[in-house]
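S.K.: give me coordinates for this.
(one chain, ligands or ions: 1)
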Amino acid sequence: MEIEALSYLGIDLGGTKLLIGEMDAAGTVVSHKKYRSGFLDQTGALRVIEESLEDYLRTGRVQYERPPRAMGLGLIGRVNNELGIWYQIDSRRTTELRIAEVLSRKFSLPCYVENDVRSALKAELLFGVGRRSKDFIYINVGTGIAAGIVSGGRVLQGGHCNAGEVGHTRVGVDPGVDIPCECGRINCVEAVASGSGLDKCARALTDRYPGSILSVPKEGEQVNVKEIFEKSDRDPLCALLVDTAARAIANLVMNLVRTSDPDMVVLGGGVVSDGFLYPGIQAALDPHTMRFVTRGVEITRLDPAYAGLMGACTVAMNRNFSN
Ligand SMILES: [Zn+2]
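M.R.: Take a look at the predicted model:
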């Protein structure tokens, strides 16, 4: 019997780029194409998605003759998976958009949407650590910080599709100066340990370290996190930033472990996926607090370059993760 070749289309919208591609039912990405996105509101993002998708369907498909089964979108901000609504990117960009309906009609494909971190969490559930654990936490440390929580195999969504915004909690670690966070609070874990937080901390502290060899670019460009890591063995400012971030992430891990009692914690996202911060995080974890996390704290094994796309394609599969 011939098995019908199926593919699921995914659209992974990041802060600066848009990745469109297809995955087969076993979780292999079979084609992909990258597009530029830039800083957009939701209406602008929809326009870029439509234009890029038209191009992808014309030029980007390589593997399949048949149209994709469905499409899934991983979007930044607050997203209602059930109703297909994108409520907001952040507090300044809040246009309620029925994006699944609009795209479904335009491209004649079923369309499903989800928040980007919960999308990646769903890819972990089907193709990553979810094969070993039904109680785990996925923490994404990238430009921002957020978590996806799986409890008894179910994905925690929240009453307003806003569960897991743990980047805006405080973890008792600060770099010695108050760092205002986007959310209005001070020294949230996102403000000291994410890509944008490391940038803020470096800028706030640079005057105190006049001899620092870290390059701090003009406002509007971001301090290079890899450069902070690379210079941390010989530059006191970089060493402080690395130490603060590692301890902050470890405290976040322990707070979340105390909240949902997982047997595993998975770290993903651009700031942690290269493993540089990992030894510092491990060293700051308290064994007693972590005693039931028997499968440990691990860096995601999903390829960081495609984890977001795999998440979006998993959303296209429209599996029920809520019961
Ligand atoms: Zn905050």
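
S.K.: okay, CA-based contacts and neighbour counts for the rest of this
M.R.: Fine.

S.K.: from the contact counts, what lies against the longest helix seen in the chain?
M.R.: Assignment by DSSP state H gives helix 236-260 as the longest helix of the chain. Judged by 3 or more CA pairs under 8 Å, 6 or more residues apart in numbering; DSSP states H and E, the packing partners of helix 236-260 are helix 189-193, helix 195-205, helix 225-231, helix 278-283.

S.K.: quick one, what contacts the residue in the stretch 51-200 of the chain positioned nearest to the ion?
M.R.: The nearest approach of the stretch 51-200 of the chain to the ion comes at residue 168, 3.6 Å away (CA to the ion). By CA atoms under 8 Å, 6 or more residues apart in numbering, residue 168 lies in contact with 181, 183, 185, 188-190.

S.K.: near the ion too, which of those residues?
M.R.: Filtering the contacts of residue 168 for neighbours of the ion using CA under 5 Å from the ion leaves 181, 183, 188.

S.K.: and the second one, how many neighbours?
M.R.: It refers to residue 183. Look at residue 183: counted by other CA atoms under 10 Å, it has 13 neighbours.

S.K.: leaving out chain neighbours, which residue sits closest to it?
M.R.: Spatially, and ignoring its direct neighbours in sequence, residue 183 is nearest to residue 168 (7.0 Å; CA to CA, 6 or more residues apart in numbering).

S.K.: same deal with the first one?
M.R.: Taking CA to CA, 6+ apart, and ignoring the residues beside it in sequence, residue 181 has residue 191 as its nearest neighbour in space, at 5.5 Å.

S.K.: contacting residues around that neighbour?
M.R.: By CA under 8 Å, 6+ apart, the contact set of residue 191 is 179-181, 197-198, 200-201.

S.K.: among the contacts of residue 168, which pair sits farthest apart?
M.R.: Farthest pair in the contacts of residue 168 (CA to CA) is 183 and 189. Separation: 11.5 Å.

S.K.: point me to the helix or strand that includes residue 33.
M.R.: Remark: residue 33 resides in strand 29-36, with elements defined by DSSP states H and E.

S.K.: distance between that strand and the chain's centre?
M.R.: Between the centre of strand 29-36 and the centre of its chain there are 18 Å (CA atoms, centre = their mean, to the nearest Å).

S.K.: hmm, who's touching it?
M.R.: So strand 29-36 is contacted by 16-24, 52, 56, 60-63, 306, 310 (CA under 8 Å, 6+ apart).

S.K.: pull out the buried members of the residues you listed.
M.R.: 18-24, 52, 56, 60-61, 306, 310 (16 or more other CA atoms under 10 Å).

S.K.: determine which two of those are furthest apart.
M.R.: 24 and 52 (20.8 Å).

S.K.: what sits against residue 89?
M.R.: Under the contact definition (CA under 8 Å, 6+ apart), the residues listed for residue 89 are 41-42, 76-78.
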